[in-house]
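Novice: below are the sequence and a predicted model for it; my questions follow.
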Amino acid sequence: MASNATIFKATVQIADMDRHYYEDHTLTLARHPSETDERMMVRLLVFVLHAHEALSFGRGLSTEEEPALWQKDMTGAIDLWIEVGQPDEKPIRQACGRAKRVCIYTYGGRGAEQWWEKHMVPLERLNNLAVLNLPLDGGRALAQLAQPSMQLQCTIQEGQIWMANGESTAHIELTTLKSVATPLGR
């Protein structure tokens, strides 16, 4: 965690009907001084979408050799590498060489669209890479849920995501820009 990070606590009840995953997680998120509420909440959303006992947050924006989130097996091999935002092509290629599967979650509207237009052709060759986009209104709705202490409920069904805090609900539908071309077992 960055020394000047703002700490957020979240208790999330996950009901993922698509994966048949029903668990509660208590999470601590460190928001880097340069990170927005939107990006932090996208990281939280991505955790929910891939929730697993071995999934953990990376050390943050200032640590280039670690992703936003990752999942390692018992031997330390990287099963899943997840980036949030618009990473450069070289670190993406390196991640694809290190992990069985890599996911990138873009957000931010037109900037994310421009990033994909620029990187689409070279990234298409990476068989273990998936790229998904969070629409601008979805990211903004998530940011509105950000509080230093959060009690959230998340329901996922047929690709539809609802994240709620008891007062407000964010409805999200991700757009798949690129799917993984190889089986997950590799």
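Specialist: That came in fine, so what should we check first?
Novice: which stretches of the protein form strands?
Specialist: 6-16, 21-31, 55-57, 69-72, 78-84, 99-107, 129-134, 149-157, 160-164, 169-173, 175-178 (DSSP state E).
Novice: out of those, which one sits most buried?
Specialist: strand 99-107 (a mean of 24; mean count of other Cβ atoms under 10 Å). All C-beta atoms are positioned from the backbone trio N, CA, C, and that covers glycine.
Novice: spatially central residue for this structure, please.
Specialist: Val46 (2.9 Å; Cα atoms, centre = their mean).
Novice: residues contacting it?
Specialist: By Cβ atoms under 8 Å, 6 or more residues apart in numbering, the residues touching Val46 are 68-69, 82, 84, 103, 105.
Novice: one more time with 10 Å, if that's ok
Specialist: Residues in contact with Val46, defined by Cβ atoms under 10 Å, 6 or more residues apart in numbering, are 55, 57, 68-69, 82-84, 103-105, 132, 134, 174.
Novice: which pair in those residues spans the largest distance?
Specialist: Using Cβ to Cβ, the contacts of Val46 span at most 19.6 Å, a distance reached by Phe57 and Leu174.
Novice: any regions of the protein where pLDDT drops low?
Specialist: Residue ranges of the chain with pLDDT under 70: 1-3, 60-64, 182-186.
Novice: Phe8 bridge partners, please.
Specialist: Counting by DSSP bridges, Phe8 is bridged to Leu29.
Novice: nothing else from me, thank you.
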